[in-house]
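Novice: coordinates for the following, if possible.
(one chain, ligands or ions: 2)
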Amino acid sequence: MPKVDYKNLPVNYQTSVQKAEMGLWEKIYYPEVIRGLWITTGHFMRNMTVHTLHLFGLAKDKRGAVTYQYPEERRPIHRRYRGRHRLTKKDDGSERCTACMLCETICPTNCIYIVPEEHPDPTVEKHPARYEIDILRCCFCGYCVEACPCDAIRMDTSVVEIANWDRTKMVFKKEYLMADIEGPGAPPKDDPPEWWLK
Ligand code: SF4
Ligand code: SF4
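Specialist: Ligands and ions are numbered 1, 2, ... in the order given. Model prediction:
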């Protein structure tokens, strides 16, 4: 492989290799350690002062760094955040999905698997006998939601805790995707705050 002459690369192609070159001050090492500690301590003291003043109703216009005490305290999630999928339902509780396969076709990671079948209602052409999402392969691009002509799949659950010790349980089946979501991580039922809608 040819050796790259980093020093003479065009400006736009400068790399971190160039930036990483250290001067004498950095090479001495300790001054930079002390500078780092100074910056960290400065932020800590400032934030602690601001939050202490807030306790006494002072300096309300100043904002200190915020730490959420997860999992007891959860950071608000934006309405447009793409969380875990759900399949929406009609008024009678059946799936809206018509098994048109558009989401499966557009999915860039091939993680949607649908088996269509005839709907028992003769006025409806098809519905999915199986609808599965292999969430381990999903890249949360949202294409499936965009492609759906029936608003049958959404990613508005606000569910971000998607983990399991067992990989086989990460293939979400139709019944799971249609179930109402309760408990921690469930979408908030109250009206969203103003800033969510921006
Ligand atoms: S979000 Fe993207 S990767 Fe995930 S299921 Fe939908 S289309 Fe596929
Ligand atoms: S979820 Fe929407 S796009 Fe996917 S098969 Fe069902 S109706 Fe078609």
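Novice: so who does the closest residue to F140 other than its chain neighbours touch?
Specialist: Once flanking residues are discounted, F140 sits nearest to R82: 5.0 Å by C-beta to C-beta, 6 or more residues apart in numbering. All C-beta atoms are positioned from the backbone trio N, CA, C, and that covers glycine. By C-beta atoms under 8 Å, 6 or more residues apart in numbering, the contact list for R82 reads F140, G142, V145, M155.
Novice: hmm, 6 Å instead?
Specialist: By C-beta atoms under 6 Å, 6 or more residues apart in numbering, the residues touching R82 are F140, G142, M155.
Novice: in the lengthiest helix in the chain, which residues are buried?
Specialist: Using DSSP state H, we find that the single longest helix of the chain is helix 30-55. Residues N47, V50 are the ones in helix 30-55 that count as buried (16 or more other C-beta atoms under 10 Å).
Novice: again, but for stretch 147-154
Specialist: Within stretch 147-154, the residues that count as buried by 16+ other C-beta under 10 Å are A147, C148, A152, I153, R154.
Novice: cool, and stretch 81-89?
Specialist: For stretch 81-89, the neighbour count (16+ other C-beta under 10 Å) marks R82, G83, R84, H85, R86, L87, T88 as buried.
Novice: now the fifth one: closest residue in space, sequence neighbours ignored.
Specialist: In other words, R86. Nearest residue to R86, sequence neighbours excluded (C-beta to C-beta, 6+ apart): T157, at 5.2 Å.
Novice: who are the packing partners of the biggest strand by length in the chain?
Specialist: Secondary structure assigned by DSSP state E gives strand 126-134 as the longest strand of the chain. Applying 3 or more C-beta pairs under 6 Å, 6 or more residues apart in numbering; DSSP states H and E, one finds that strand 126-134 contacts strand 112-118, strand 171-172.
Novice: counting by contacts, list what the last one packs against.
Specialist: If I follow you right, that is strand 171-172. Counting contacts by 3+ C-beta pairs under 6 Å, 6+ apart, strand 171-172 packs against strand 126-134.
Novice: which other helices and strands contact the helix or strand following the strand it packs on?
Specialist: Remark: after strand 126-134, the chain's next helix or strand is helix 143-147, criterion DSSP states H and E. If you count contacts as 3+ C-beta pairs under 6 Å, 6+ apart, helix 143-147 packs onto helix 102-106, strand 153-154.
Novice: how about helix 143-147, does it reach ligand 2?
Specialist: Yes - applying C-beta under 6 Å from any ligand atom, one finds that helix 143-147 is in contact with ligand 2 at A147.
Novice: so which bits of that helix are buried?
Specialist: Neighbour-count burial for helix 143-147 flags Y143, C144, V145, A147 (criterion: 16+ other C-beta under 10 Å).
Novice: now render those residues as JSON lines, adding pLDDT and distance to H78.
Specialist: As requested, the buried residues of helix 143-147 are exported to JSON lines (pLDDT from 0 to 100; distance: C-beta to C-beta, whole Å):
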{"residue": "Y143", "pLDDT": "97", "distance to H78": "19"}
{"residue": "C144", "pLDDT": "97", "distance to H78": "19"}
{"residue": "V145", "pLDDT": "96", "distance to H78": "15"}
{"residue": "A147", "pLDDT": "97", "distance to H78": "22"}
